[in-house]
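Colleague: what would the 3D arrangement of this be:
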Amino acid sequence: MTEDAEATVAPVEVFKALGDPVRWSIIAQMAKVDELACVTLETTLPISKPTISYHTKILIHAGLINVRKEGRNYYYSLRREALHEVLDNLWELAPTPRPVVGHEKGYVSSGRPGRRTSARRRQSEMRDAAEEAVVLTW
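Modeller: I've put the predicted structure just below:
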């Protein structure tokens, strides 16, 4: 999958993919950075390179990550919008009051922007989020 992939995710596939501790660890590492080199996974996971490849292919198939190849190196990035989509599907199953902060399509701000942004923009977003918090009920 390329960086521009806008595929819809199947919640069942996502939950299968996240059900493995190794894949959960990979996703957790990707959530901390914009892009993660495969070499980093080789040093942080106690598994072989072919096993890392197997797990990343499952995450790609589930629509959770994108992969980019540069030369001989592979770089992975988390598709945060895919996680938001799965959360939206869960909220449809249990429609209770849902907290909403900020202006971003009804998602609760994690306090960490998904992409690199300027310090001034982050401060503005945080200020807006602090000023505008609502609970939606339906």
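
Colleague: in this protein, which helix or strand is least confident?
Modeller: In the chain, no helix or strand scores lower on mean pLDDT, DSSP states H and E than strand 133-136, which sits at a mean of 52.

Colleague: output the below-cut-off pLDDT ranges for this protein.
Modeller: The model of the chain has pLDDT under 70 over residues 1-7, 98-138.

Colleague: break this protein down into its domains, please.
Modeller: Listed domain ranges for the chain are 11-79, 95-136 (source: automatic domain parsing).

Colleague: the residue nearest to L18 when sequence neighbours are not counted sits in which helix or strand?
Modeller: Leaving out its chain neighbours, the residue that sits closest to L18 by C-beta to C-beta, 6 or more residues apart in numbering is W24, at 5.8 Å. Every residue, glycine included, has its C-beta placed from N, CA and C. Following DSSP states H and E, one finds W24 within helix 21-31.

Colleague: for that helix, which helices and strands make contact with it?
Modeller: helix 11-18, helix 38-44, helix 49-61, strand 65-70, strand 73-78 (3 or more C-beta pairs under 8 Å, 6 or more residues apart in numbering; DSSP states H and E).

Colleague: most tightly surrounded among those?
Modeller: With neighbours taken as mean count of other C-beta atoms under 10 Å, those reach their highest mean count in strand 73-78, at a mean of 18.

Colleague: report the buried residues of the helix or strand following it.
Modeller: Note on strand 73-78: by DSSP H and E, the next helix or strand toward the C-terminus is helix 80-93. By 16 or more other C-beta atoms under 10 Å, the buried positions in helix 80-93 come out as 80, 82-86.

Colleague: list the residues that contact N73.
Modeller: With contact taken as C-beta atoms under 8 Å, 6 or more residues apart in numbering, N73 is in contact with 37-39.

Colleague: between those residues, which is closest to I47?
Modeller: Lowest distance from I47 to the contacts of N73 (C-beta to C-beta) belongs to C38, with 12.3 Å.
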